[in-house]
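Trainee: build me a model from this:
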Amino acid sequence: MISEFLSYSIVPLLSALAIPFLGRKNEKITEILANVTILAGLINIGYILFNPSNHRNQYSTFTQDGFTLLMIFTIYLVAMCVVFFSTRMNDRKIDKNSYYPLIMLSVSAMCSMVMARDFFTLYIFMEALAVTSFALITTDDGRGGIEGALKYFLLTFPASALIIIGLALLMIVSGGFSFEHIQAQIIGAPDFLTFLALSLILLGFLIKSGMVPFHFWTPDAYQGSYSPVSAYLAGIVTKISGVYAIIRLSMFFKLFDDKAYKASEMLLLIGFASIAWGAIAAMRQKDFKRMLAFSSISQLGYILMGAGTFTTLGIIAAIFHLFNHATFKTTLFLNSASLEKNAGTTDMKKLGGMEHNMPVTSWTSIIALFSTAGVPPLSGFWSKIMIIIALWMTGSEFYAAAALIFSIVTLAYFMIMQKKIFFGKANPEFAHVKEVDFTLLSPVLLMSAIIIAAGVFFPYVYDYLANTIATRMVI
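Mentor: This is a model prediction of the structure:
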């Protein structure tokens, strides 16, 4: 079974190597190979994840835990939507023989990250992902893309230094990097140096994920990127490169007992700051993509606060919200790409009344924004309510109340966005604009269906989270 899971990393890597050679004379081969690679992986992991017999056995026949399986599925799901959307964009400015290999390489790096069973391997593939992310941001070689890429590099470089120092200290005090080894040492004889090493690694991943106050690169990178790249970064890349590792680390911090309180308070405070600042800043934005960028910062704060409770409920809620964030943010960013393609702008002051011109884009945006704001019965409601309950049960009533209040703020600024772009007064300048074709709509329709299904069938989702993930992990 190990070789079967390694294929999720190896096959995209081989595809990335083959595309530049096979697609030199015909770009269609490039597009076909990219789509087939990702679709095959999505079908395969989907079969494993949703096979009833595997679920009944709690995936005990597999070497990887349920969290890893869910993350691989999410990686391939978002990548499939972005790759398929990109092939239908028909943007001649993009060099497809470099763009699609970068997507494949990033998929390979992300899958290797989530399958890693030690901190050193996780760090190596995180850096590989950072390099491909930097290159993807510069896919659009305009000023915005270059500026966003440089900020991403310069502001996340200190994170790598912190993680390396933490890894070095971890090797000195524990003699190894494996999750099992670290877990056994913490349970057996927890010490301050181990706690310090993990804290430095945690701080590095907080910077990588773009949490407040390390968020300055995020809006520029998202806004300046090629639109499908923005969806890819917001949907999954920054989640795997930072938030995934934070959730993994939270499972170790809870084992420290008394020392865990300090780490928990730090995560809760940074999570609250991210929620508040992201929501307030989003309300002030005039550009759709930039508003979505600040909204992403806010939503990451919810994931951080859930993980920061160091409780089983909080951690599985954080995992579920990570998955939900991938679905609704991919939908919203792809819709912004559709607006940019047909209307030529994402400036909310210029747009208006687009609901009549682009009704499907409008209504899928409503589904995604309602899920983001936590409106029942959509999937975002369940992950947010679980986070709020976890906060309340751990005595963090202030943070629980703040999480609820800023969900209302999220709904408010998204409704303002919806009114400005879709339901406001129509701008005669865009009277000729029509809905994008069905092939461009199919990824957002798929994501919208998942948002609805994960909410309506939440009892089954919770059963997977509780009985498959929690029972196979350190929580």
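
Trainee: all helices of the stretch 301-450 of the chain, in order?
Mentor: Ranges of helices in the stretch 301-450 of the chain, per DSSP state H, counting those that start in this stretch, are 312-343, 354-357, 359-373, 379-393, 397-418, 438-456.

Trainee: list the helices and strands the second one packs on?
Mentor: The contact analysis (3 or more Cβ pairs under 8 Å, 6 or more residues apart in numbering; DSSP states H and E) places helix 354-357 against helix 359-373. In short, each C-beta sits where N, CA and C put it, glycine included.

Trainee: can you give me the buried ones in the helix it packs on?
Mentor: Across helix 359-373, burial judged by 16 or more other Cβ atoms under 10 Å covers 360-362, 364-373.

Trainee: quick one: distance of it to the chain centre.
Mentor: 18 Å (Cα atoms, centre = their mean, to the nearest Å).

Trainee: which of the three states applies to the closest residue in space to residue 133 that isn't next to it in sequence?
Mentor: Of all residues not flanking residue 133 in the chain, residue 237 sits nearest, at 5.6 Å (Cβ to Cβ, 6 or more residues apart in numbering). Using DSSP: H, G, I helix; E, B strand; the rest coil, the structure places residue 237 in helix.

Trainee: tell me the confidence at residue 237?
Mentor: On pLDDT, residue 237 comes in at 90.

Trainee: surely it touches residue 107?
Mentor: No - using Cβ atoms under 8 Å as the test, residue 237 is too far from residue 107 to be in contact (9.8 Å).

Trainee: neighbour count winner among those two?
Mentor: Of the pair residue 237 and residue 107, residue 107 is the one with more neighbours under other Cβ atoms under 10 Å, namely 34 against 26.

Trainee: low pLDDT regions in the chain?
Mentor: Scanning the chain for pLDDT under 70 picks out the ranges 1-4, 91-92, 140-145, 148, 188-190, 257-258, 471-475.

Trainee: and for it, the residue most distant from the center?
Mentor: residue 428 (36.7 Å; Cα atoms, centre = their mean).

Trainee: for that residue, give its distance to residue 355.
Mentor: Noted for residue 428: a distance of 16 Å to residue 355, by Cβ to Cβ, to the nearest Å.

Trainee: what's the answer for residue 229, then?
Mentor: Residue 229 is 27 Å from residue 355, by Cβ to Cβ.

Trainee: so residue 282 touches residue 295, yeah?
Mentor: Yes - look at residue 282 against residue 295 with Cβ under 8 Å: they come within range, at 4.7 Å.

Trainee: which neighbours do those two have in common?
Mentor: 410, 413 (Cβ atoms under 8 Å, 6 or more residues apart in numbering).

Trainee: these two: who's more crowded?
Mentor: Neighbours per residue, other Cβ under 10 Å: of residue 282 and residue 295, the larger number sits with residue 295, 28 against 25.

Trainee: quick check: closest non-adjacent residue to residue 370.
Mentor: Per Cβ to Cβ, 6+ apart, closest to residue 370 is residue 378, 5.5 Å.

Trainee: what's the burial count for that neighbour?
Mentor: Residue 378: 26 neighbours (other Cβ under 10 Å).

Trainee: what's the distance between the closest residue to residue 371 other than its chain neighbours and residue 374?
Mentor: Nearest non-adjacent residue to residue 371, counting by Cβ to Cβ, 6+ apart: residue 380, 3.6 Å away. According to Cβ to Cβ, residue 380 stands 5 Å off from residue 374.

Trainee: contacting residues for residue 382?
Mentor: 320, 454-455, 458, 461-462 are the contacts of residue 382 under Cβ under 8 Å, 6+ apart.

Trainee: not counting sequence-adjacent ones, nearest residue to residue 202?
Mentor: Per Cβ to Cβ, 6+ apart, closest to residue 202 is residue 249, 5.0 Å.

Trainee: quick check: the one you found touching residue 201?
Mentor: Yes - the pair formed by residue 249 and residue 201 meets the contact definition of Cβ under 8 Å, at 6.7 Å.

Trainee: looking at the two, which is more packed in?
Mentor: residue 201 (26 against 20).

Trainee: secondary structure element holding the more buried one?
Mentor: Using DSSP states H and E, residue 201 sits within helix 192-209.

Trainee: give me the residues contacting that helix.
Mentor: Contact with helix 192-209 is made by 119, 126, 130, 155-156, 158-163, 165-167, 169-170, 172-174, 182, 185-186, 214, 238-239, 241-243, 245-246, 249, 252-253, 256, 259, 263, 270, 300, as judged by Cβ under 8 Å, 6+ apart.

Trainee: go on, stretch 224-232?
Mentor: In contact with stretch 224-232 (Cβ under 8 Å, 6+ apart) are residues 78-79, 81-82, 85-86, 89, 91, 94, 103, 106, 136-137, 139-140, 142-149, 222-223, 233, 289, 292-293, 329-330, 333-334, 336-337, 340-341.

Trainee: for the closest residue to residue 17 other than its chain neighbours, which residues are in contact?
Mentor: Counting by Cβ to Cβ, 6+ apart, residue 17 lies nearest to residue 101, which is 7.6 Å off, once chain neighbours are set aside. Residue 101 makes contacts with 15-17, 19-20, as judged by Cβ under 8 Å, 6+ apart.

Trainee: thought residue 121 was touching residue 112?
Mentor: Yes - contact status for residue 121 versus residue 112: in contact at 7.5 Å, counting by Cβ under 8 Å.

Trainee: ok, these two, which is more surrounded?
Mentor: A count of neighbours by other Cβ under 10 Å puts residue 112 above the other of residue 121 and residue 112, at 22 against 15.

Trainee: how close does the more buried one get to residue 197?
Mentor: Distance from residue 112 to residue 197, by Cβ to Cβ: 22 Å.

Trainee: one more: residue 235?
Mentor: Here residue 235 is placed at a distance of 31 Å from residue 197 (Cβ to Cβ).

Trainee: with residue 460 instead?
Mentor: Residue 460 is 39 Å from residue 197, by Cβ to Cβ.

Trainee: and for residue 213, the neighbour number?
Mentor: 11.

Trainee: count the residues that sit near the closest residue to it other than its chain neighbours.
Mentor: Of all residues beyond its chain neighbours, the one nearest residue 213 is residue 273 (7.1 Å), with distances taken as Cβ to Cβ, 6+ apart. By the criterion of other Cβ under 10 Å, residue 273 has 17 neighbours.

Trainee: other SSEs contacting the helix or strand where residue 79 lies?
Mentor: Assigned by DSSP H and E, residue 79 belongs to helix 66-89. The contact analysis (3+ Cβ pairs under 8 Å, 6+ apart) places helix 66-89 against helix 2-22, helix 27-50, helix 96-115, helix 227-232, helix 312-343, helix 438-456.
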